[in-house]
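Novice: Take this sequence and fold it.
(chains A, B, C and D)
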Number of protein chains: 2
Amino acid sequence: MIQQRLLDVAVREFGAKGLDGASTRSIAAQAGAAMSSITYHYGSKEGLYLAAADYVAGQLGGVADDDRLGAAIEAGDSAEARRCVHLLLGGLLARMFEGQADNWALFIMREQMNPTEAFERIYAGPMGRNADALVDLICVVAGTKDRRAAQLAAIALFGQVLIVKAGRATCHKILERETLGRDIIQSYSDHVAANTDTILDRMIAEREEQA
Amino acid sequence: MIQQRLLDVAVREFGAKGLDGASTRSIAAQAGAAMSSITYHYGSKEGLYLAAADYVAGQLGGVADDDRLGAAIEAGDSAEARRCVHLLLGGLLARMFEGQADNWALFIMREQMNPTEAFERIYAGPMGRNADALVDLICVVAGTKDRRAAQLAAIALFGQVLIVKAGRATCHKILERETLGRDIIQSYSDHVAANTDTILDRMIAEREEQA
DNA sequence: GTCTATACTACGATAGAC
DNA sequence: GTCTATCGTAGTATAGAC
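Specialist: The predicted model follows:
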């Protein structure tokens, strides 16, 4: 399928070089198609960019069982909500280390730094649902109605996940490795999980202090 | 000074569009100079890019008092080392919110995702020194010789700082704000500081358990 | 639906006037 | 040291053959 090949290459090229930097000639050539096929299928370079954004957004789903997350939030089950926080963050972290992650992660990073219409479309999908769920889950775990505190905690927790991609080169320098093996990935996942529990415990303790 | 104006614009343009995406014509025009002045001063587009990288690297210094950090590490003073960790992370976080930060932060983010020679030059400066100092400080605070654990902790801690830039658009969505006011910035700084203390305390407890 | 051919613009680099 | 002029290449978009 020529459209599928175009999208795969487009995500990689737009991610690596941005909308301006990537060229339709190069994308078409790598996909084994004529440049005019992009115009035919997507109208223009921008059309292909937005199509690539939608494609990326769709691939962000399934990181955790949305139904289970929703049920835990609905039920207000603190213990189950904590398990869901770990499922969500662990799932996201695992995604960051998957082989194809570089392609779409670069695309999203770029949109984060300089958001265009494409970011709205990406965030409207599974990405935004994951973010909302994390905030809701933290509220349930901490037993707090202080949503702002839960939002701040969600950002900090997500930062621990994001850095392995957004600061990949620095991580390699700090760990003195050019590639990260399974043992290090597992160690970091364990460390993040432990941090998460510690932070959630502190939020619970702070809430009980105030009460 | 025409070279200074060229560097300022170059950092912004290369950060926003990358080496390929940015154009020397546009950079020169915004700096109020002829395009050939880039060739004259920097030899080529790549030369200007590397000069911009060096300029960015230099601006990352002074986030914390290097002498004080070094002294705390040298002395093995746990309490002072913890204060230094807060100084370093707090200083970095404050830098992330400074007005001009977008320009150089975008430049560095881009290099993180797709490192070139420019990243080596940036990391060889204050950025790498800050990273090394953070790992050393954590070792002192936790009283551990498990350097790998300190490295993982440093990455997680730094992730909490990085996300406000690398995931800026998502932060705005989560906090339901289009801009982040001083009150929210202060709240997040406090949250990160509290997380940092909690994590360091846990590392100390884990070390004492093993002993 | 996919290709080739082409029009037009913008790019980086260089030469030479001042 | 800064400018204008120009060269060769590569960019997007479009038209039209098949």
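Novice: How is chain A partitioned into domains?
Specialist: The record's domain split for chain A, according to automatic domain parsing, is A:2-57, A:62-210.
Novice: Can you confirm whether the first one lies near chain B?
Specialist: Meaning domain A:2-57. Yes - applying Cβ under 8 Å from any Cβ of the partner chain, one finds domain A:2-57 touching chain B at A:16-22. (Each C-beta comes from the backbone N, C-alpha and C, glycine too.)
Novice: ok so, going back, make CSV out of the domains of chain A and add mean pLDDT.
Specialist: Below are the domains of chain A laid out as CSV (pLDDT from 0 to 100):
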stretch, mean pLDDT
domain A:2-57, 95
domain A:62-210, 96
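Novice: Out of those domains, which is closest to B:Val135?
Specialist: B:Val135 lies closest to domain A:62-210 among the domains of chain A, at 6.5 Å (Cβ to Cβ).
Novice: Near DNA strand C, which residues of chain A are found?
Specialist: With Cβ under 7 Å from any atom of the strand as the criterion, chain A meets DNA strand C at residues A:2-3, A:32-37, A:40-41.
Novice: Mind checking which of these are buried?
Specialist: Buried by 16 or more other Cβ atoms under 10 Å in any protein chain shown: A:33, A:37, out of these.
Novice: Which ones among the residues of chain A next to DNA strand C map onto helices?
Specialist: A:2-3, A:36-37, A:40-41 (DSSP state H).
Novice: so how far is stretch A:164-178 off the chain centroid?
Specialist: Centroid separation between stretch A:164-178 and its chain, computed with Cα atoms, centre = their mean, to the nearest Å, is 18 Å.
Novice: buried sites along that stretch?
Specialist: Neighbour-count burial for stretch A:164-178 flags A:164-175 (criterion: 16+ other Cβ under 10 Å).
Novice: hmm, the longest helix seen in chain A in reach of chain B?
Specialist: Looking across chain A with DSSP H, the single longest helix is helix A:182-210. Yes - using Cβ under 8 Å from any Cβ, helix A:182-210 reaches chain B at A:187-188, A:191-192, A:194-195, A:198-199, A:201-202.
Novice: quick one on the thing from earlier: so which of the ones in helices among the residues of chain A next to DNA strand C comes closest to B:Gly99?
Specialist: A:His41 (42.1 Å).
Novice: In contact with that closest one: list those residues for me.
Specialist: Listed by Cβ atoms under 8 Å, 6 or more residues apart in numbering or on different chains, the contact set of A:His41 reads A:2-3, A:6, A:48.
Novice: didn't A:Ser26 look like it was pressed against A:Ala16?
Specialist: No - using Cβ atoms under 8 Å as the test, A:Ser26 is too far from A:Ala16 to be in contact (10.6 Å).
Novice: Between the two, which has more neighbouring residues?
Specialist: A:Ala16 (19 against 13; other Cβ atoms under 10 Å in any protein chain shown).
Novice: Which residues are in contact with that one?
Specialist: The neighbours of A:Ala16, taking Cβ under 8 Å, 6+ apart as the test, are A:22, A:106, B:113-114.
Novice: Alongside DNA strand D, which residues does chain A contribute?
Specialist: A:22-26, A:35-36, A:38-39, A:44-46.
Novice: The helix or strand containing A:Gly18 vs helix B:2-21, what angle?
Specialist: Assigned by DSSP states H and E, A:Gly18 belongs to helix A:2-21. Here the directions of helix A:2-21 and helix B:2-21 differ by 180 degrees (axes from the mean of the first three to the mean of the last three Cα atoms, to 10 degrees).
Novice: Would you mind stating the distance between the residue lying closest to A:Gly21 once chain neighbours are set aside and A:Val141?
Specialist: In this structure, A:Gly21 finds its nearest non-sequential neighbour in B:Gly21, 3.2 Å apart by Cβ to Cβ, 6 or more residues apart in numbering or on different chains. Going from B:Gly21 to A:Val141 by Cβ to Cβ, to the nearest Å gives 43 Å.
Novice: Looking at the two now, which is surrounded by more residues?
Specialist: Taking other Cβ under 10 Å, B:Gly21 and A:Val141 do not tie; A:Val141 has more neighbours (26 against 16).
Novice: my guess is the more buried one contacts A:Leu88, does it?
Specialist: No - here A:Val141 lies out of contact with A:Leu88, judged by Cβ under 8 Å, at a distance of 11.8 Å.
Novice: quick one, strands of chain A?
Specialist: In chain A, no strands are defined using DSSP state E.
Novice: sorry, back to before: taking the residues of helix A:182-210 next to chain B together, which two end up most distant?
Specialist: Largest pairwise distance in those, by Cβ to Cβ, is 22.7 Å, between A:Ser187 and A:Arg202.
Novice: Return the residues in contact with the nearest residue to A:Leu50 once chain neighbours are set aside.
Specialist: Of all residues not flanking A:Leu50 in the chain, A:Ala118 sits nearest, at 5.9 Å (Cβ to Cβ, 6+ apart). When contacts are counted by Cβ under 8 Å, 6+ apart, A:Ala118 touches A:49-50, A:53, A:111.
Novice: one more time with 6 Å, if that's ok
Specialist: By Cβ atoms under 6 Å, 6 or more residues apart in numbering or on different chains, the contact list for A:Ala118 reads A:50, A:53, A:111.
Novice: where's it relative to A:Ala124, distance?
Specialist: Distance from A:Ala118 to A:Ala124, counting by Cβ to Cβ: 11 Å.
Novice: if we can go back for a sec, is it possible to get CSV of the residues of helix A:182-210 next to chain B that adds neighbour count?
Specialist: Listed next are those as CSV, based on neighbours: other Cβ atoms under 10 Å in any protein chain shown:
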residue, neighbour count
A:Ser187, 17
A:Tyr188, 24
A:His191, 20
A:Val192, 23
A:Ala194, 17
A:Asn195, 25
A:Thr198, 18
A:Ile199, 24
A:Asp201, 15
A:Arg202, 18
